[in-house]
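A.B. asks: Here is my input, please return the structure:
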Amino acid sequence: MLIQELTRQASLDLLARTHLGRLACTQGVRPYVVPVYFADNNGYLYSFSTVGQKIEWMRTNPLVCVEVDEVVNPEQWVSVIVFGRYEELPDTPEWQGTRTVAYTLLKRNAVWWEPAYVKTILHGTQRPLVPVFYRIHCLQMTGHRATPEPVTPANAKLSMTDSGEEGRLQNLLRQVRGSLLAPHLRR
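C.D. replies: Numbers count the residues shown, from 1 in each chain. Model prediction:
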C-alpha cells in the first residue's frame, strides 16, 4: 500500500461530495466523537443538531475537528481531517441570512436532519428538540490517499529510465521489506 498526501483541491473535492463525517470535540481532556451530516461551502462546514452533549461541549471549547473518508478496501481509501472552530448560528435577525444559507445547503441531502432531530430518550427523559444550526470554520486541513502499491516482479531490474526516482525507491523498499521478513520466514 502507498499513502500519499492529498492536494488542497483533492481534499476540498472530498468535502464537497461527502456529507457524513465524524465530529470530534473535547471537554477538558475527554474527547467525544459523533457522526454528523454537513454541507461544505466557502471554508465552512454547516451542520444542524439539537442541544445535547456535543453542543454543550462545543460551546465551552469551540476548537473541533471533522474527519471524512471514502473507503473502498483496506488498501484503497481517502481521508480528510479539518481542524476548525465551532460557530453557533443563533435564531436572531442578524444571523438569519447565514441560517438560511445553512438550511439551503443542508436540505440538498434528504437525511440532513438525522440523527440530530429524531426522538431521543436519555436517562428516561425525552430530550427537547430545540434546533441548533452551526458551522465549523475550517482553519486547517490535511488529507491522505492510500492506493495499492504497483507490483514489480522480484527478478525485474529497474533501470534509470524505466520508472525514474519513484521506481527505484519502491524497488529499494521492497528489498528492505524482503530482508526484514527473511529471518522470520526461515523459522
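
A.B. asks: Neighbouring strands of the longest strand along the chain in the sheet, and parallel or not?
C.D. replies: The longest strand of the chain (DSSP state E) is strand 131-147. Using DSSP bridges, the strands paired with strand 131-147 are strand 2-5 (antiparallel), strand 44-50 (antiparallel), strand 76-89 (antiparallel).

A.B. asks: Can you tell me which of those strands is packed in deepest?
C.D. replies: Comparing the strands paired with strand 131-147 by mean neighbour count (mean count of other CB atoms under 10 Å), strand 44-50 ranks first with a mean of 23. Every C-beta, even on glycine, is put in place using the N, C-alpha and C of the backbone.

A.B. asks: now stretch 27-44: mean pLDDT?
C.D. replies: For stretch 27-44, mean pLDDT is 94.

A.B. asks: can you check stretch 101-120 too?
C.D. replies: Per-residue scores along stretch 101-120 average to 70.

A.B. asks: I figured L139 hits I81, correct?
C.D. replies: No. In this structure, L139 is not within contact of I81 by CB atoms under 8 Å, at 11.6 Å.

A.B. asks: And the helices in this protein?
C.D. replies: For the chain, helices defined by DSSP state H occupy the ranges 8-17, 53-60, 96-106, 164-185.

A.B. asks: Which of those helices has the lowest mean pLDDT?
C.D. replies: When these are compared on average pLDDT, helix 164-185 comes out lowest at a mean of 55.

A.B. asks: So in terms of bridging, what pairs with Y86?
C.D. replies: I136.

A.B. asks: Could I get the buried residue list for stretch 59-70?
C.D. replies: P62, V64, C65, V66, V68, D69 (16 or more other CB atoms under 10 Å).

A.B. asks: tell me the contacts of the fifth one?
C.D. replies: It stands for V68. Taking CB atoms under 8 Å, 6 or more residues apart in numbering, we find V68 in contact with L14, L15, T18, L20, G21, R22, S79, V80, V82.
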